[in-house]
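[1] structure of the sequence below:
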Amino acid sequence: MLDFDPIDEAARQWGLRWEGVPQMHAVTSLMRVHQLVLARLDAILKPHGLTFPRYEALVLLTFSSAGSLPLGKMGERLQVHPTSITSIIDRLERAGLVERRRHPVDGRAVLAAITEQGRALVEVATADLVSAEFGLGMFDEERLQQLSELLRPVRQAAGDF
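    Just a heads-up that it's a prediction; the model follows:
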């Protein structure tokens, strides 16, 4: 553990050369927190044979009324590249958590359908994530709501919704 904040030091050095110190500090902090939280979530999910992106795909399928969605729609909703969703579904299918099916109306489309084993795993993995407070246990509910609201304009500006 360092005895100084490396992001503060980077911001100090940045300010000696360039403008935009508050933005640089914020984005560097955000990226570091992303790394830390994702590593924590992946560690929680690893005993279940999952990564967070695979878990998200299973949850999305759990939320769908039929338990299945076209791969293209999954990519859109999870906001990942089509090759990424294909890779995610490939791994889930190999694990027996998802199966591919032909779309009943559009013969060109492929559906990912969650299996009973996938549904059971979502329940167990979700319980573990909730128990670990998604790696954000240092915040109370009010601070979590503030954090979500603080980040909302970034998502809106990017066209998320």
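
[2] all helices for this structure, in order.
    Using DSSP state H, the helices of the chain run over 6-17, 21-45, 52-63, 71-78, 82-94, 116-131, 141-157.

[3] residues near Leu136, how many?
    14 (other C-beta atoms under 10 Å). Just so you know, the C-beta spots here come from the backbone N, C-alpha and C atoms, and that holds for glycine as well.

[4] can you pull the contacts of it?
    37, 144 (C-beta atoms under 8 Å, 6 or more residues apart in numbering).

[5] before we move on, what about Leu45?
    The contact partners of Leu45, by C-beta under 8 Å, 6+ apart, come to 51-52, 54-55, 125, 128-129.

[6] closest one of those to Phe4?
    Among the contacts of Leu45, Phe52 lies closest to Phe4 (C-beta to C-beta), at 30.1 Å.

[7] quick one: residues contacting Leu58.
    Leu58 neighbours (C-beta under 8 Å, 6+ apart): 50, 92, 97-98, 114, 118, 121-122, 125.

[8] can I get those residues in JSON lines with pLDDT?
    Conversion of the contacts of Leu58 to JSON lines gives the following (pLDDT from 0 to 100):
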{"residue": "Leu50", "pLDDT": "98"}
{"residue": "Leu92", "pLDDT": "98"}
{"residue": "Leu97", "pLDDT": "98"}
{"residue": "Val98", "pLDDT": "98"}
{"residue": "Ile114", "pLDDT": "98"}
{"residue": "Gly118", "pLDDT": "98"}
{"residue": "Leu121", "pLDDT": "98"}
{"residue": "Val122", "pLDDT": "98"}
{"residue": "Ala125", "pLDDT": "98"}
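
[9] ok, which pair from those residues is furthest apart?
    It's Val98 and Ala125 that sit farthest apart of the contacts of Leu58, by C-beta to C-beta, at 14.1 Å.

[10] just to revisit the earlier point, could the helices of the chain go into JSON lines alongside distance to Pro104?
    As requested, these are exported to JSON lines (distance: least, C-beta to C-beta, whole Å):
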{"stretch": "helix 6-17", "distance to Pro104": "52"}
{"stretch": "helix 21-45", "distance to Pro104": "32"}
{"stretch": "helix 52-63", "distance to Pro104": "16"}
{"stretch": "helix 71-78", "distance to Pro104": "15"}
{"stretch": "helix 82-94", "distance to Pro104": "18"}
{"stretch": "helix 116-131", "distance to Pro104": "20"}
{"stretch": "helix 141-157", "distance to Pro104": "34"}
